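**Student:** the following block contains a protein sequence and its predicted model.
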Amino acid sequence: MADKIKLFVNGVEVEVEAGKNLIDAVGAVGIEIPHLCYHPALGADGNCRMCLVGIEDGRPPLVPACKTPAQEGMKVLLDAEHIKKIQHDVMEFELINHPTDCPVCDQAGECKLQDYYMSYDHAKSRMNVPQVVKGKKMDFGAGVVHDQERCVVCGRCVRFCRQITKTGELGIINRTDDARVNIFPGRPLANRYAINVVDLCPVGAMTSKDFRFKQRVWFLKKAPGICHGCSKGCNITIDHNREKYKDDIIYRFRPRLNEQVNGYFMCDEGRLSYKKENEGRLTEARLGTKVRPIDDVLAACSKEMEQAAKIAILLSPNCSLEQMVTVQALAEKIGAALSGYSEGYIKTGDGDDYLIQDDKSANRAGLNLLGIDSSKEGFEKAVQEASLLLNFNNDLTLSYQENELTKLLKDTKIVAVAAAANQCTAMADMAIPVASFSEYAGTLINCDNILQHFAKAITKNEDLADICTIAARLGSPLQNDNERYSVLQKCISALKEFGVDQIPAEGLNLKKSEAANVTA
Amino acid sequence: MGATVKTIERKGSSLIERLYLIEIFKGMATTFGHLWRNLADNRRLYVRHYPEVQPEIPVRWRGRHRLTTHPDNTVKCVACFMCQTNCPANCIMIEAGERLDGKAEKMPVKFNIDLLECIYCGYCVEACPVDAIRMDTGIFSVTGNKKESFVLGLEELLTTPGAFSEEEYKKGGA
């Protein structure tokens, strides 16, 4: 724990963490100092002047809170008349050339200008000269649309491209009321984290082309989740909405702060991976070529399993730990060979030294920790010996060419338990639809050995069972969540002291010694 | 302020009234008096001659909705969803899209109002920042023979004309 210091805000004593600036320090105890240009990940810039506060110790009458470290005994003034006046004046200044096109602006509802106007300004514009005309709807590339008129020139986006991605595509050109953010001619945003500027932008100047006009943000329900796009396991907010007469649809993923994993940001690829949750899903159970109720297909599958001499089971490295132990228990019970072969999920050289990882599966560390074999030889041997392959959501087309796959599986009956409809489910003899990661709760271990738990975010109109339930119905001894979790607690010693609800929100860092202390 | 109490005498206790038939005939006389008089000449009838004579709809009457247009007949609505947000009956369903004619950035691709769910409160008209939705069509009676026919689409909302001139509408308090 960081040291605590005591200071006074408006004469009231508060205890805050030491070593932070005033905005963060008093913000953590629920006192808001308005600010536009300051962002904890980008540091203090001091250009917007919205965070000016008074400090009663002989300093100049106004100091920017973003540049002022919190100190013991500091007397901070937020509600004095001259502070209120400066906040009002800064807001009036910001709004001089603002087009106030909130009706067509996607930021409306989560816009700092709107919020601060209501809290600190609340006055009519006194301007009677024409507003400065600037560029609107400019395509900055990488799915970012810029509106220069809405911009407050806080420079967060510019600093993001310089400090975080170190690509520097954006710059502020010209001065005074003609200052605007722009790209260099012919050099659009070209980094894999570009859409983060949309989140960073406190106003509606940066909007996402993908999300543009899809929903008004106040309709969206927000649920925490974990991105399954790669093994980093970035924390996300899943914004979803069930429109009238329609199904619960995800409209966007946004990064959620987790200092231990992803900080404030996430990559664009992961951000846009929400589409896979909405589209291309396997929704109907299939037996041969016929669509049948899921119970019939499960019954046929159980029968097939009884008759088969040898069964191979394939697991996806995207499965949660709970799903893995349930399927593992099923494999042990029926004496099936279990494999987690998924070489195709690794795109060598695709990762970088920031968030993006080579391994595009969310829980390979969990697969290894549970001791599930994921070698190519092991899988192929198991398939060749077996007459039935149970495939739990592993997309084999990533690991094999189509002709290789047909050759390998030609004598094997295939049961595909999958969330997405693809080549694998098409060639299967039976297909069973299951929930995808936004529709179940589970636990993952990321590439840095951090264990994270996520809850169910989406409830579809016709909710699909998840892999745990399917495996349990096919005969796995682990019939409920408590049994699954107690198996996990046996395997992972760090989990022993935590209940499933008590796993820390920022994740549990499994130390190397504990990861080695595997009993499974 | 004290309530004024007025005592009403209870009728029906006198002998003539208790004889019953006399009162019946008195009532019948009134009824048939009206019947003969109206059969002979219905101009003084106390009821509205609907549908031959349509009622007079005042400007502020909240009738069926319409979407207003720019002078060149393009939709004024910018799909800000204020009406949908404000609608207490949850009967407006909008889908927004990109607008390319330069009038605004955004426009509705779909704009459905379910008249069976609408409670005609007029909150959508009040919420609209660009005066794109009005309830001034003067249409008070909506009929149909299946549920779907009560869902108005963008086309129908745009082609219904207003029943009043712009000056009259503005005078009405809009």
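**Tutor:** Arrived safely.
**Student:** counting neighbours, what do you get for residue 74?
**Tutor:** Just so you know, I chose chain A. Other residues lying near A:Met74 total 20 when counted by other Cβ atoms under 10 Å in any protein chain shown. Where you see a C-beta, it was placed from the backbone N, CA and C, and this is true even at glycine.
**Student:** switch to chain B, that's the one I care about
**Tutor:** Residues near B:Thr74, counting by other Cβ under 10 Å: 14.
**Student:** could you verify my assumption that it touches B:Asp101?
**Tutor:** Yes: using Cβ atoms under 8 Å, B:Thr74 makes contact with B:Asp101 at a distance of 6.5 Å.
**Student:** low-confidence stretches in the stretch 1-150 of chain A?
**Tutor:** Low-confidence segments of the stretch 1-150 of chain A (pLDDT under 70): A:1.
**Student:** and if we set it to 80?
**Tutor:** Along the stretch 1-150 of chain A, the parts satisfying pLDDT under 80 run over A:1-2.
**Student:** confidence score at B:Met1?
**Tutor:** On the pLDDT scale, B:Met1 is placed at 58.
**Student:** ugh, typo on my part, it should be A:Asn517
**Tutor:** pLDDT at A:Asn517 comes out at 51.
**Student:** what residues are up against A:Glu149?
**Tutor:** Neighbouring residues of A:Glu149 by Cβ atoms under 8 Å, 6 or more residues apart in numbering or on different chains: A:97-99, A:101, A:131-136.
**Student:** meant to ask about B:Phe150, not that
**Tutor:** Taking Cβ under 8 Å, 6+ apart, we find B:Phe150 in contact with B:114-116, B:142, B:144.
**Student:** now those residues as a markdown table including secondary structure?
**Tutor:** Listed next are those as a markdown table, based on DSSP: H, G, I helix; E, B strand; the rest coil:
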| residue | secondary structure |
| --- | --- |
| B:Asp114 | strand |
| B:Leu115 | coil |
| B:Leu116 | coil |
| B:Val142 | coil |
| B:Gly144 | coil |
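**Student:** ok, of those, which one's closest to A:Glu269?
**Tutor:** A:Glu269 lies nearest to B:Asp114 out of the contacts of B:Phe150, by Cβ to Cβ, at 39.4 Å.
**Student:** list the residues that contact that closest one.
**Tutor:** Applying Cβ under 8 Å, 6+ apart, the residues contacting B:Asp114 are B:91, B:93, B:150-151.
**Student:** for whatever residue of the stretch 1-150 of chain A ends up closest to chain B, which non-adjacent residue is spatially closest?
**Tutor:** Nearest residue of the stretch 1-150 of chain A to chain B: A:Pro103, at 3.3 Å (Cβ to the nearest Cβ). Closest residue in space to A:Pro103, ignoring its immediate chain neighbours: B:Cys80 at 3.3 Å, by Cβ to Cβ, 6 or more residues apart in numbering or on different chains.
**Student:** selecting buried members of the contacts of B:Asp114 in PyMOL, what would you type?
**Tutor:** Remark: buried members of those, expressed as a PyMOL selection using 16 or more other Cβ atoms under 10 Å in any protein chain shown:
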select buried, chain B and resi 91+93+150+151
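**Student:** since we're on A:Phe93, how many residues are nearby?
**Tutor:** A count of neighbours around A:Phe93, defined by other Cβ under 10 Å, yields 13.
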